[in-house]
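*Asks:* this is the structure alone, sequence omitted:
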DNA sequence: TGCAGTATGGTACTTTAGTATGAGTGTTTT
DNA sequence: AAAACACTCATACTAAAGTACCATACTGCA
């Protein structure tokens, strides 16, 4: 987090220097406008990359949400999506049952269906495959 | 992937339109240069966000790599890091043993140590915690 | 009304996972 | 050399996870 803030600072400084340089170069013609434009554009692209990282960070740290479109493609039912979300959180079948107020038996049924829909043998493999297809 | 390419296209078109608009506005003075500059900068930031997404995608799809610094902080041994990498790939203890040419017993020993170092009860929980602290 | 889909749950069983403990073999450090 | 550490492996458990099969109940749709 501090690293990203630091990069933001560096970029801001570089950008200001470039702007100053462009003012200077207008009078001295030491650089072409094209080169300066490319440099400034690169700075803004850098800002975009950092902003994108910040946006990603929120979604991975706080709450995990399934990609609804992908869930539909995989024919996940509502309950299966809920159970899978708990799996990704690292919960056991028993804990999932307590969270969703259903028996461990029911959880096992859902898990079994989830695994076959994701073509996985284990829940860890299911997590990996879900990441690969963008479900999570 | 197609979605990202599509967004790139849209951004490129918007950018070209803005550039044309700026040429036009120089003669007509219908927009201030500041507004146009902000708009064009926004486009480049958008490009940056997309590029960042593409860069992230490669790292999650292809090969998973542990954050060496975090691994050291957690006092992971070399072998434990290797075993954990296989866990994240969704492999079973038996499969991990075959990959690393060690017995399933040894894998279990490593896994047990990994779990206690990550303060996790299950490998799924270990994966989740590893993501939370930035190990993966 | 009957069918399809979803959600629920149980039994019984097999397979993985995980723990605890002990032990042998190297390598590095004191 | 002895201690400390990492890696290896085994045995013997207990605990989860996962499969297969069956059954009930509710909802929406043809």
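*Replies:* That came through fine. Fair warning: this is a prediction, and the values are worked out from it, not measured in the lab. Numbering: from 1, shown residues only, chains lettered A, B, ... in the order given.
*Asks:* hey, let's count contacts and neighbours off CA atoms from now on
*Replies:* OK.
*Asks:* so which elements touch the helix ranked longest in chain A?
*Replies:* When chain A is scanned for its longest helix (criterion: DSSP state H), the result is helix A:33-61. Counting contacts by 3 or more Cα pairs under 8 Å, 6 or more residues apart in numbering or on different chains; DSSP states H and E, helix A:33-61 is packed against helix A:2-28, helix B:33-61.
*Asks:* which SS class is the residue in chain A positioned nearest to DNA strand C?
*Replies:* When Cα to the nearest atom of the strand is the measure, chain A has its nearest residue to DNA strand C at residue A:102, with 3.1 Å between them. Here residue A:102 is recorded as coil under DSSP: H, G, I helix; E, B strand; the rest coil.
*Asks:* what's the burial count for it?
*Replies:* Other residues near residue A:102 number 13, with proximity taken as other Cα atoms under 10 Å in any protein chain shown.
*Asks:* just residue A:43 next, same as before
*Replies:* Around residue A:43 sit 21 other residues, with neighbours defined as other Cα under 10 Å.
*Asks:* show me where pLDDT drops low in chain A?
*Replies:* A:1-4, A:26-27, A:29-31, A:53, A:55-62 (pLDDT under 70).
*Asks:* ok, now with 80
*Replies:* A:1-9, A:18-34, A:36-37, A:52-64 (pLDDT under 80).
*Asks:* show me what from it comes close to DNA strand D.
*Replies:* Contact residues, chain A versus DNA strand D (Cα under 7 Å from any atom of the strand): A:91-94, A:108-109, A:111-113, A:115-116, A:121-124.
*Asks:* re the thing from before, tilt between the longest helix of chain A and helix A:2-28?
*Replies:* 170 degrees (axes from the mean of the first three to the mean of the last three Cα atoms, to 10 degrees).
*Asks:* next SSE after helix A:33-61?
*Replies:* helix A:68-73 (DSSP states H and E).
*Asks:* which strands and helices sit next to the helix or strand following that next one?
*Replies:* On the C-terminal side of helix A:68-73, the closest following helix or strand by DSSP H and E is helix A:78-88. Packed against helix A:78-88 by the contact rule (3+ Cα pairs under 8 Å, 6+ apart) you find helix A:93-100, helix A:104-117, helix B:123-133.
*Asks:* again, only using 10 Å
*Replies:* Packing partners of helix A:78-88 (3 or more Cα pairs under 10 Å, 6 or more residues apart in numbering or on different chains; DSSP states H and E): helix A:68-73, helix A:93-100, helix A:104-117, helix A:123-133, helix B:123-133.
*Asks:* as JSON lines, those helices with distance to residue B:7 would be great.
*Replies:* Formatted as JSON lines, the entries for the helices and strands packed on helix A:78-88 read as follows, by distance: least, Cα to Cα, whole Å:
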{"stretch": "helix A:68-73", "distance to residue B:7": "18"}
{"stretch": "helix A:93-100", "distance to residue B:7": "38"}
{"stretch": "helix A:104-117", "distance to residue B:7": "30"}
{"stretch": "helix A:123-133", "distance to residue B:7": "19"}
{"stretch": "helix B:123-133", "distance to residue B:7": "28"}
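*Asks:* may I ask which two of the residues of chain A next to DNA strand D are separated the most?
*Replies:* Using Cα to Cα, the residues of chain A next to DNA strand D span at most 20.3 Å, a distance reached by A:94 and A:116.
*Asks:* okay, the helices and strands packed on helix A:33-61, which one's buried deepest?
*Replies:* Among the helices and strands packed on helix A:33-61, helix B:33-61 has the highest mean neighbour count (mean count of other Cα atoms under 10 Å in any protein chain shown), at a mean of 17.
*Asks:* and chain A, which residues reach DNA strand C?
*Replies:* A:75-80, A:101-106, A:109-110, A:122.
*Asks:* out of those residues, which end up buried?
*Replies:* Under a neighbour-count criterion of 16 or more other Cα atoms under 10 Å in any protein chain shown, the subset of these counted as buried comprises A:76, A:80, A:104, A:110.
*Asks:* residue B:49 versus residue A:38, what's the distance?
*Replies:* Residue A:38 sits at a distance of 17 Å from residue B:49 (criterion: Cα to Cα, to the nearest Å).
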